[in-house]
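Peer 1: please find the sequence and the predicted model below.
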Amino acid sequence: MRIGAPLPAVGQVLAALATGMWHWDTATKLVTVDAEAARLLGLPAEQSTLTESQARARLHPVDWNEIVSVIGLAVAEGTLAEVRVRIMDERGRVIRTVRSRSKPSFDPERRAYQLIGTLQEVTDPSPGTPAGRRAVTGDWRRSREAFLLDAGRALAEARSTEEVLRVAAGLSMPGFSPDGLAVFGVEADRLTVIGHHGYRPGDEKRFTHMPVETDYPAAEVVRTGRAVYLSSPEQYKSRYPLTWPLAEQFGRQSWAFLPLTFAGRTMGAWMAAFAYPVAFTPDERSVLTTVARMLAQALSRAGAAESERELTDGLQRSMLPTLGPEIPGMSVAARYIPTGGGLQVGGDWYDMIPLPNGRFALVIGDVQGHDVRAAGLMGQLRIALRAYAAEGHRPDAVLSRASRFLHGISTVDEDPADLRFATCLYVEADPATGVLDIARAGHPDPAIRLADGTVLKRPTDGGLPLGIDPDADYPTTRFLLEPGETMMICTDGLIETGGHDLESGWLRIRTVLEEHKGDELEELADALVQAVHGPSSHHTTGPLADRREDDIAVLLLSRQGEEYSYGDTVTDRPAVRRTMLTVAQDEPERVAVARQELRDLLHDWSSADQVDTAVLLLSETLTNVLVHTDADALLVAEVTGEPAGRRMRVEVTDASDDLPHKRRPGELASSGRGLMLIEMLADAWGVDPRGEGKSTWFELYESDGQPARQAGI
């Protein structure tokens with residue numbers, strides 16, 4: 001061609017170079033190819049228009065998916081789309097490999113892509129050569145897909161920012177791997193370094209608090225939301241001369257800066273630096289872009305989880321009190337464990353309140369539900385209970401006022417279908433005497449660990465949960481916490497966690513209380529939580545194993561004697577076991593409760609027949625009071641001595657001065673045999689007049705050689 005002659009037509013040049021042209025409109029789903037492109041596709045060498053399905057039939061299925069992903073990447077980055085594809089014949093055989101280069105654009109109104117590109121045949125490189133390692137092959141794609149699946153799973157399982165960064169640092173990308181990583185965040189208008197790998201501690205200081213307007217690749221990525229690829233130091237230096245000295249000292253050869261975008265917002269940038277030159281082919285860019293997107297999602301999830309944990313930890317610290325100063329002669333321990341899912345603060349709470357009379361109150365409760373509203377109601381109810389207690393009200397009055405308060409705030413401007421209630425247990429304790437006055441609102445009963453390790457439920461009178469009936473009454477139960485004894489009160493989460501119901505869960509807790517040999521009350525609290533919330537609890541699930549777990553709150557109160565501490569061994573503990581229970585005239589059903597409590601007290605008695613005898617005699621004694629007097633009955637059961645030589649004494653006291661008399665009932669009489677049974681079966685028995693009322697008692701001895709059987713009135 002002579003100088004000054006007109007240039008040949010574009011089509012002639014492309015034909016001379018064996019390069020075809022094609023045009024693809026995803027809105028019309030038509031692909032137009034010229035003669036050379038048609039030939040490369042294995043079609044007659046003439047210009048033609050194909051449907052998407054016809055064009056797709058000429059390409060390897062894996063390569064078609066590759067084209068779609070590369071086009072989306074190129075549009076996002078504003079670059080050319082380049083990909084190698086394999087051409088198939090009608091029998092599914094690969095006849096050649098071509099390289100496609102195109103400039104895609106996206107029409108938002110039509111929501112369609114338009115592409116104009118070229119096709120040119122290429123020779124497959126030999127395996128093992130540098131070109132072969134860079135080629136896009138099916139094996140490389142399979143490796144990439146496996147890598148992305150593993151990376152996605154690992155990042156999805158990371159639960160904190162630190163774990164996300166550790167996973168990102170351990171990623172080994174197929175065919176190329178960076179040896180330096182950094183994650184940049186944004187605070188106000190400045191960059192921050194969230195984490196880095198492959199650099200020494202302190203190297204990040206020069207990049208921290210860098211203004212977003214700085215001429216630095218990560219800052220540009222944050223400003224524009226577009227990736228920056230720098231394949232060589234020369235390219236870095238020419239494009240970012242002001243900040244090149246900061247990067248030069250680390251000796252890297254290539255850099256990729258990618259936006260961390262989540263929910264349409266650029267939250268930072270990810271830098272991958274390489275110790276060797278990287279060309280950043282479309283496939284390599286695709287891998288980096290996909291990892292950046294997964295990394296952004298993982299960091300967003302981890303940040304949200306950490307913010308929620310920080311918020312809920314703050315709520316928990318503000319809502320759950322410290323136990324305050326030490327109490328002379330007593331010790332207290334408490335634990336609160338939120339459920340594993342959702343909001344980490346629910347409706348469970350505990351409190352310890354100094355009272356005006358020198359005593360103190362222990363409160364534990366559970367507001368219905370496990371959400372923000374439950375936590376809010378819990379905070380309000382706790383404040384109200386403290387206020388009522390500080391006014392000097394008795395336990396029954398405190399709960400009555402609290403129920404009226406909760407009912408009032410639950411019914412104002414609330415959906416009637418979403419009314420809330422709360423269970424609560426209120427204990428007023430006298431450190432000097434060990435007397436406990438308890439009022440209960442639908443809450444589990446307390447448990448007592450006696451001085452010798454025996455564990456009993458302590459049945460108490462109770463009323464409706466707070467908030468149901470504003471005029472509900474809450475009777476008070478009084479009993480004595482003896483030196484060496486420990487009281488446990490808890491929410492139902494401690495009992496039912498792991499799929500247990502109240503019965504099976506109580507057996508699990510009782511075992512822990514009886515078998516624990518720790519020296520401190522704090523250790524016992526940890527043992528209780530570990531038994532139901534730790535790894536071992538997964539092997540002891542209850543009958544309702546699919547049950548949702550609940551919050552756990554537990555309070556322990558221990559009374560120490562002058563020569564007794566909680567950690568003493570069993571042989572050093574006082575050999576006295578005692579329980580008390582009141583049976584009112586209008587509560588005959590509590591006779592059954594008394595029978596069960598006596599069985600629990602005698603759980604290790606050597607003779608089962610004697611236990612049955614004791615339960616029978618107790619029933620007769622209590623029934624005699626309820627039938628023949630107008631007074632309530634106070635039961636005191638006591639076991640003294642060492643095993644195999646113990647004495648059991650049961651005493652029932654009432655306020656009636658009428659003494660019982662033995663009778664000779666007829667054969668068909670339905671009553672009158674109580675004292676006869678006591679005389680026949682008890683080792684000793686008697687009726688002692690008191691100042692007001694009387695006390696009927698009987699004794700049983702565990703082995704022979706005890707005092708002779710006697711009777712008295």
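Peer 2: Right, received. Where do you want to start? Every value quoted in this text rests on a predicted model; they were computed, and no experiment measured them. Residues are numbered from 1 along each chain as shown.
Peer 1: the helix or strand harbouring residue 649: what's the following helix or strand?
Peer 2: Under the criterion of DSSP states H and E, residue 649 resides in strand 647-654. Using DSSP H and E, the helix or strand that follows strand 647-654 in sequence is helix 674-681.
Peer 1: just the C-alphas of that following helix, formatted as PDB.
Peer 2: Provided in PDB are the C-alpha atoms of helix 674-681 (Å, rounded to 0.1, in the frame of the first residue of the first chain):
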ATOM      1  CA  GLY A 674     -55.000 -43.100 113.500                       C
ATOM      2  CA  LEU A 675     -53.600 -43.300 117.000                       C
ATOM      3  CA  MET A 676     -53.900 -47.100 116.900                       C
ATOM      4  CA  LEU A 677     -51.700 -47.200 113.800                       C
ATOM      5  CA  ILE A 678     -49.200 -44.900 115.400                       C
ATOM      6  CA  GLU A 679     -49.000 -47.000 118.500                       C
ATOM      7  CA  MET A 680     -48.500 -50.200 116.500                       C
ATOM      8  CA  LEU A 681     -46.000 -48.900 114.000                       C
END
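Peer 1: what's the first-to-last distance across stretch 217-234?
Peer 2: Stretch 217-234 has an end-to-end distance of 14 Å (criterion: C-alpha to C-alpha, to the nearest Å).
Peer 1: what do you get for stretch 599-606?
Peer 2: Stretch 599-606 stretches 12 Å from its first residue to its last (C-alpha to C-alpha).
Peer 1: tell me the gap between that stretch and the middle of its chain.
Peer 2: 39 Å (C-alpha atoms, centre = their mean, to the nearest Å).
Peer 1: what bits of the stretch 1-150 of the chain have low per-residue confidence?
Peer 2: In the predicted model, the stretch 1-150 of the chain carries pLDDT under 70 at residues 1-11, 15, 124-144.
Peer 1: can you list the strands that the top strand by length along the chain pairs with?
Peer 2: Counting by DSSP state E, the longest strand found in the chain is strand 94-107. The strands beside strand 94-107 in its sheet (DSSP bridges) come out as strand 81-88 (antiparallel), strand 112-122 (antiparallel).
Peer 1: neighbouring contacts of the longest one?
Peer 2: With C-beta atoms under 8 Å, 6 or more residues apart in numbering as the contact definition, strand 112-122 has outside contacts at 14, 17-27, 33, 36-37, 40-41, 71, 75, 81, 84, 96-107. Where you see a C-beta, it was placed from the backbone N, CA and C, and this is true even at glycine.
Peer 1: report the contact partners of the residue lying closest to residue 208 once chain neighbours are set aside.
Peer 2: In this structure, residue 208 finds its nearest non-sequential neighbour in residue 193, 5.2 Å apart by C-beta to C-beta, 6 or more residues apart in numbering. Listed by C-beta under 8 Å, 6+ apart, the contact set of residue 193 reads 182-185, 204, 207-208.
Peer 1: go on, residue 233?
Peer 2: Residue 233 neighbours (C-beta under 8 Å, 6+ apart): 248, 252-253.
Peer 1: and these, which are buried?
Peer 2: Neighbour counting with 16 or more other C-beta atoms under 10 Å marks residue 252 as buried within the contacts of residue 233.
Peer 1: which of the contacts of residue 233 fall within strands?
Peer 2: Going by DSSP E, the strands hold none of the contacts of residue 233.
Peer 1: next step: the contacts of residue 233 restricted to helices.
Peer 2: Per DSSP state H, helices hold the following members of those: residue 248.
Peer 1: mind putting the contacts of residue 233 into CSV with pLDDT and distance to residue 178?
Peer 2: CSV is the format used below for the contacts of residue 233 (pLDDT from 0 to 100; distance: C-beta to C-beta, whole Å):
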residue, pLDDT, distance to residue 178
248, 90, 17
252, 91, 9
253, 92, 11
